[in-house]
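> have a look at this fold, sequence not included:
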């Protein structure tokens, strides 16, 4: 049997534009490692990019991924959800491999991150400053854009404008 | 500070009914471990339940989660996606902790699983029998239903009708 060609292409301008539009979404799916077992967990999260373009989330200490990301920073994020019509597996989605870092309550960068977050997530004003909520940076290592069947692209943080 | 009450309740009939309706969805998000690094990865997958109620997927060897699940069977699945309206974080979703097992091409159970799958995923007829596609059972250990803010329920395979 002949070797198959690499199914993943390098990014082009269309792929970069589609990926950047998916980064504008306000929520995402998060894959993380459970704190105690290091086995995979999955959650829905709030999502946004900070003033410098770094992906971020705001999470409650009651959510299982809070302890998971604290114990094991490597994680993955998926953006883009199928609409009500068409084949869900051909709907574009962006997968980020990232490393989580918690923003301490007294981090001098926090006020600017918080204000930027609240312009895109105004309802979060109700809980963003609770003691058991934390902002978390999701620093991207690599990304994969799946634009539909047999249309996959590898992207760098520079392609995404995230760093 | 007083200890908070456990934010997760035991399943009741409404939670069981909602969870079982989410198990009818045809696609899901999968959290898995990358084959080489064992760091978290995330993908969109086809989803369905077999004749005995066991969750399943059908995946291509070109997808990164194929090698990931082969190397590391523990995984997690999320079902239920926000509609175009309302707060995405209050939209119901079901999270399954599961173990993946690949169905061999010559497994005597495969023909019945395949036929059952194709009644719910008729388009998969085009590729279900390709040599580089495999059916994978996702045997559930525990499940968490999030029915919206502060409404979380713990469910067993019996609650779900999956085993």
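Arrived safely, thanks for sending. Every value quoted in this text rests on a predicted model; they were computed, and no experiment measured them.

> any idea which helix or strand carries the residue nearest the centre of chain A?
Against the mean C-alpha coordinate of chain A, by Cα atoms, centre = their mean, the closest residue is residue A:77 at 3.9 Å. Residue A:77 is part of strand A:74-79, with elements assigned from DSSP states H and E.

> ok, and what's touching that strand?
Taking contacts as Cβ atoms under 8 Å, 6 or more residues apart in numbering or on different chains, the residues outside strand A:74-79 that touch it are A:22-23, A:25, A:28-33, A:45, A:47, A:55, A:69, A:93-100, A:138, B:29, B:31, B:39-44. C-beta coordinates here come from the backbone N, C-alpha and C atoms, glycine included.

> just the buried ones among those, please.
Under a neighbour-count criterion of 16 or more other Cβ atoms under 10 Å in any protein chain shown, the subset of the contacts of strand A:74-79 counted as buried comprises A:22-23, A:28-33, A:45, A:47, A:55, A:69, A:93-98, A:100, A:138, B:29, B:31, B:39-44.

> partners of the longest strand along chain A, with directions?
In terms of residue count, the longest strand belonging to chain A (DSSP state E) is strand A:133-146. Counting by DSSP bridges, the strands paired with strand A:133-146 are strand A:55-60 (antiparallel), strand A:93-102 (antiparallel), strand A:152-155 (antiparallel).

> now that strand: buried residues?
A:133, A:134, A:135, A:136, A:137, A:138, A:139, A:140, A:143, A:144, A:145, A:146.

> off-centre distance for that strand?
Here strand A:133-146 shows a centroid-to-chain-centroid distance of 4 Å under the convention Cα atoms, centre = their mean, to the nearest Å.

> that one vs strand A:74-79, what angle?
Taking axes from the mean of the first three to the mean of the last three Cα atoms, to 10 degrees, one finds strand A:133-146 and strand A:74-79 inclined to each other by 70 degrees.

> for chain B, what is the nearest residue in chain A?
Closest to chain B within chain A is residue A:31: 3.4 Å, counting by Cβ to the nearest Cβ.

> partner residues bridging that residue?
Beta-bridge partners, per DSSP bridges, of residue A:31: residue A:42, residue A:76.

> up against chain B, what does chain A have?
A:4, A:7, A:26-27, A:29-33, A:39-44, A:46, A:62, A:64, A:74-78, A:81-84, A:87-89, A:91, A:93, A:95, A:97, A:123, A:144, A:146 (Cβ under 8 Å from any Cβ of the partner chain).

> which SS class is the spatially closest residue to residue A:125 that is not a sequence neighbour?
Take residue A:125 and drop its neighbours on the chain: the residue closest to it by Cβ to Cβ, 6 or more residues apart in numbering or on different chains is residue A:118, 5.6 Å away. Classification of residue A:118 into helix, strand or coil gives helix, according to DSSP: H, G, I helix; E, B strand; the rest coil.

> which residues touch residue A:118?
By Cβ under 8 Å, 6+ apart, residue A:118 lies in contact with A:124, A:125, A:128.

> which other helices and strands does the helix or strand of chain A with the lowest mean pLDDT contact?
Ranking every helix and strand in chain A by mean pLDDT, DSSP states H and E puts strand A:8-10 at the bottom, with a mean of 86. Strand A:8-10 makes packing contacts with strand A:152-155 when contacts are defined by 3 or more Cβ pairs under 8 Å, 6 or more residues apart in numbering or on different chains; DSSP states H and E.

> give me the contact list for the next helix or strand after the strand it packs on.
Elements were assigned by DSSP H and E; along the chain past strand A:152-155, the next helix or strand is helix A:157-160. Applying Cβ under 8 Å, 6+ apart, the contact partners of helix A:157-160 are A:11, A:15, A:16, A:19, A:20, A:23, A:53, A:140, A:141, A:143, A:163.

> could those go into TSV alongside pLDDT?
As requested, the contacts of helix A:157-160 are arranged in TSV below (pLDDT from 0 to 100):
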residue	pLDDT
A:11	89
A:15	92
A:16	94
A:19	94
A:20	95
A:23	96
A:53	93
A:140	97
A:141	96
A:143	96
A:163	64
